[in-house]
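**Q** for reference, the sequence and a predicted model appear below.
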Amino acid sequence: MSASSTCELSDRFALETVWQLEKPQLVDSVKDFWIGQGIPPAVTIGRAGQICAVATEVDSIVAVSTATPYYHQHMRNKFFVYRCMVAPAARQQNLAWKISSYSLKILQDWSERNPQEKVLGLIICVETDKFTAGLRRPVREKYGFNMHFVGYSANGQQLRVVWFDHAELDDSAIPHHA
């Protein structure tokens, strides 16, 4: 996938890559979208450099994904902490799954080009209760986006991992017992 690609989802939505590209006007629009969704401006400033992709309908942003590298102590490996927000009017249309699948390709490609970073996939803290029935399944999959249950956060929210195709665990991080 090209770093500057735009992908048409349907007549209604389009996806655009933002990850590590200079798109200041789009970043400003994302900040406005976040503020409109109730995210405090102080938080939007920190997340602006983490934007991975946006989904638009006509000229309005309706979904945003973000990612930031993070070493997960219990998993003993590095992942991208992945977030996705979809505007209420665009929900119930699989847009979260679609932008997540699109973002996975962007971040996996980046990880393959930057093997020294040793990022193995995405880690997601499920912050919604909109699909509680699906949360009982240890593996959820749609559009090639496979979320594997790995535990719970300190707040009791599910943690899920999406592994990159090229991921390999670092055996040196695993204690060897005789």
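**A** All right, it came through fine. These numbers come from a predicted model, not from an experiment.
**Q** roughly how far does Lys78 sit from Ser103?
**A** Noted for Lys78: a distance of 17 Å to Ser103, by CB to CB, to the nearest Å. Yep, even glycine has a C-beta here, placed from its N, CA and C like the rest.
**Q** comparing the two, which shows the higher neighbour count?
**A** Ser103 (28 against 17; other CB atoms under 10 Å).
**Q** can you verify my assumption that the more buried one contacts Arg83?
**A** No. Counting by CB atoms under 8 Å, Ser103 stays clear of Arg83, with 9.9 Å between them.
**Q** common neighbours of these two, please.
**A** Each of Ser65, Ala67 lies in contact with both Ser103 and Arg83 under the rule CB atoms under 8 Å, 6 or more residues apart in numbering.
**Q** what comes up buried for the helix or strand containing Ala67?
**A** Assigned by DSSP states H and E, Ala67 belongs to strand 60-72. Counting neighbours by 16 or more other CB atoms under 10 Å, one finds that the buried residues in strand 60-72 are Ile61, Val62, Ala63, Val64, Ser65, Thr66, Ala67.
**Q** repeat for stretch 139-146
**A** Buried positions in stretch 139-146, judged by neighbour count with 16+ other CB under 10 Å: Arg140, Phe145, Asn146.
**Q** which of those sits closest to Gln25?
**A** The nearest member of the buried residues of stretch 139-146 to Gln25, counting by CB to CB, is Phe145 at 28.5 Å.
**Q** where does this protein dip in pLDDT?
**A** Counting by pLDDT under 70, the chain has low-confidence residues at 1-11, 129-134, 171-178.
**Q** strands of that one, start to end?
**A** All strands of the chain, identified by DSSP state E, fall at 6-8, 13-17, 51-57, 60-72, 77-86, 119-125, 139-142, 145-152, 158-163.
**Q** and the lengthiest helix in the chain with strand 158-163, angle?
**A** Longest helix of the chain, by residue count under DSSP state H: helix 95-113. Orientation of helix 95-113 against strand 158-163 (axes from the mean of the first three to the mean of the last three CA atoms, to 10 degrees) gives an angle of 50 degrees.
**Q** output the contacting helices and strands for helix 95-113.
**A** Applying 3 or more CB pairs under 8 Å, 6 or more residues apart in numbering; DSSP states H and E, one finds that helix 95-113 makes contact with strand 13-17, strand 51-57, strand 60-72, strand 77-86, strand 119-125, strand 145-152.
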